[in-house]
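> Pasting the sequence and the predicted model now:
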Amino acid sequence: MSGATAVSGSSTVVVTEAPRRVLRRGRRRHTALFSALAVIAALIWLFPVYWMVSGSFKLNSDLITSPPTWWPAPFSAKGYQEAFAADFWEHLFDSLKVTCATVAIAMVLSVGAAMAVARYRFRGRATLLVMLIGVQMIPFGGLLIPMYVYLNQFNLLSIPGLVLVYIAPVLPFTIWMLRGFVVSVPKEVEEAALTDGCSRVKAFMTVVFPLIAPGLVATAIFGFISAWNELVYATTILASNGNNWTLPVWLEEFITPTAQVQWNAIFAGSVLYTLPVLIFFLIIQRRMMAGLTAGAVKG
């Protein structure tokens with residue numbers, strides 16, 4: 001009887017362990033499948049980046065041959081020499097001026113507006129919130145002609161005028177986003193600071209501002225990307241502004257209909273154009289992730 005019991009006991013173990021093994025094998029297969037798909041997607045996404053970087057170290061003749069060469073041979077830095085010879089540093093400085101000014105002004109205005117719509121009740125508040133969403137549905141390119149006419153009237157077809165244009169589409173989004181971060185901060189925290197004798201400005205700077213700082217970083221990224229990558233408005237507004245171009249306009253100038261396009265210089269300029277953004281994201285990536293999740297606590 002004891003042997004039968006052992007057999008039955010062992011059979012019971014086999015019966016209960018078998019489905020677990022099947023489930024583990026199934027999970028491993030699904031994990032392997034999803035990992036393979038993730039690797040394929042990553043390679044597809046990284047290939048244009050690889051082609052841009054490798055193309056920047058090729059000769060121009062190697063970039064227009066068929067079949068293409070997959071590796072720079074011979075290795076050449078001529079593209080970077082041409083990019084730096086075309087006043088890269090000057091246009092980088094112009095892009096940084098436009099981008100930093102856009103982000104700074106938009107953040108200052110957005111913080112004040114977000115505090116107003118999140119903390120105060122006033123007539124037209126609901127209408128204002130609806131308008132913030134509705135304005136974002138307007139195609140930005142459709143406003144090019146009226147904006148150009150107004151800027152031309154006030155002699156603002158220059159970098160300051162371009163900053164004003166970039167602030168317009170950034171503000172609605174940043175106000176709406178920052179409102180969510182301000183609402184997530186309990187009113188009691190701010191009221192406690194006011195009870196302790198702080199003014200409203202001091203209570204905001206010492207209590208509310210540190211708590212919404214990750215949200216400021218997350219929303220500032222939107223303004224940074226919008227100002228850094230925009231081409232159509234920059235080309236139109238800065239066309240008559242001498243040589244004060246942002247980097248997207250500068251890159252476009254490499255494509256000339258009268259001469260052979262220097263693709264290696266374009267690739268080299270694209271790499272140089274990408275590096276500041278890459279460095280910026282590497283510096284703020286931790287705060288960016290904290291900001292993207294912090295505003296999801298409350299509406």
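Okay, I see it.
> what secondary structure does Pro257 sit in?
coil (DSSP: H, G, I helix; E, B strand; the rest coil).
> That one: how many residues sit nearby?
5 (other Cβ atoms under 10 Å). To be clear about C-beta, it is placed using only N, CA and C from the backbone, and glycine gets the same treatment.
> so what pLDDT did it get?
At Pro257, the pLDDT value in this model is 71.
> Report pLDDT for Val208.
On the pLDDT scale, Val208 gets 84.
> didn't it look like it was pressed against Glu188?
No: counting by Cβ atoms under 8 Å, Val208 does not reach Glu188; the two are 12.0 Å apart.
> The two: which is more packed in?
Higher neighbour count among Val208 and Glu188: Val208, with 22 against 9, using other Cβ under 10 Å.
> Show the contacting residues for the more buried one.
Listed by Cβ atoms under 8 Å, 6 or more residues apart in numbering, the contact partners of Val208 are 115, 182, 185, 189-190.
> Write the ChimeraX selection for whichever of these are buried.
ChimeraX command restricting those to the buried ones, with burial defined by 16 or more other Cβ atoms under 10 Å:
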select :115,182,185,190
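> Where does pLDDT dip in the stretch 101-250 of the chain?
Low-confidence segments of the stretch 101-250 of the chain (pLDDT under 70): 242.
> For it, just list every one of the helices.
Counting by DSSP state H, counting those that start in this stretch, the stretch 101-250 of the chain has helices at residues 125-135, 144-153, 159-183, 187-195, 200-203, 209-229, 232-237, 247-252.
> can you redo those as CSV with distance to Ser270?
Below are the helices of the stretch 101-250 of the chain laid out as CSV (distance: least, Cβ to Cβ, whole Å):
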stretch, distance to Ser270
helix 125-135, 32
helix 144-153, 25
helix 159-183, 21
helix 187-195, 46
helix 200-203, 44
helix 209-229, 12
helix 232-237, 16
helix 247-252, 7
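> For Val271, which of these is the nearest?
Ranking the helices of the stretch 101-250 of the chain by their distance to Val271 (criterion: Cβ to Cβ) puts helix 247-252 first, at 11.0 Å.
> Could you check how far that closest one is from the centre of its chain?
Offset of helix 247-252 from its chain centre (Cα atoms, centre = their mean, to the nearest Å): 19 Å.
> Which elements pack onto that helix?
In terms of contacts (3 or more Cβ pairs under 8 Å, 6 or more residues apart in numbering; DSSP states H and E), helix 247-252 is packed against helix 88-119, helix 232-237, helix 263-294.
> in that helix, what's buried?
Those would be 247-251, for helix 247-252 by 16+ other Cβ under 10 Å.
> Need those in CSV (columns: distance to Gly223).
Shown next, in CSV, are those (distance: Cβ to Cβ, whole Å):
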residue, distance to Gly223
Leu247, 16
Pro248, 16
Val249, 19
Trp250, 21
Leu251, 21
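> Phe222: which of these is nearest?
Pro248 (17.3 Å).
> Skipping adjacent residues, who's closest to the closest one in space?
Leu231 (4.2 Å; Cβ to Cβ, 6 or more residues apart in numbering).
> can you count the residues close to the one you found?
Counted with other Cβ under 10 Å, Leu231 comes out at 13.
> wait, isn't it in contact with Leu247?
No: using Cβ under 8 Å, Leu231 makes no contact with Leu247, being 9.7 Å away.
> give the contact list for His249.
His isn't right for residue 249; it's Val. In this structure, Val249 makes contact with 91, 231, 234-235, 238, judged by Cβ under 8 Å, 6+ apart.
> same thing but 6 Å
234-235 (Cβ atoms under 6 Å, 6 or more residues apart in numbering).
> Then the one 4 residues further on?
Contacts of Glu253 were listed using Cβ under 6 Å, 6+ apart, and none were found.
> okay, it: pLDDT?
Glu253 is given a pLDDT of 83.
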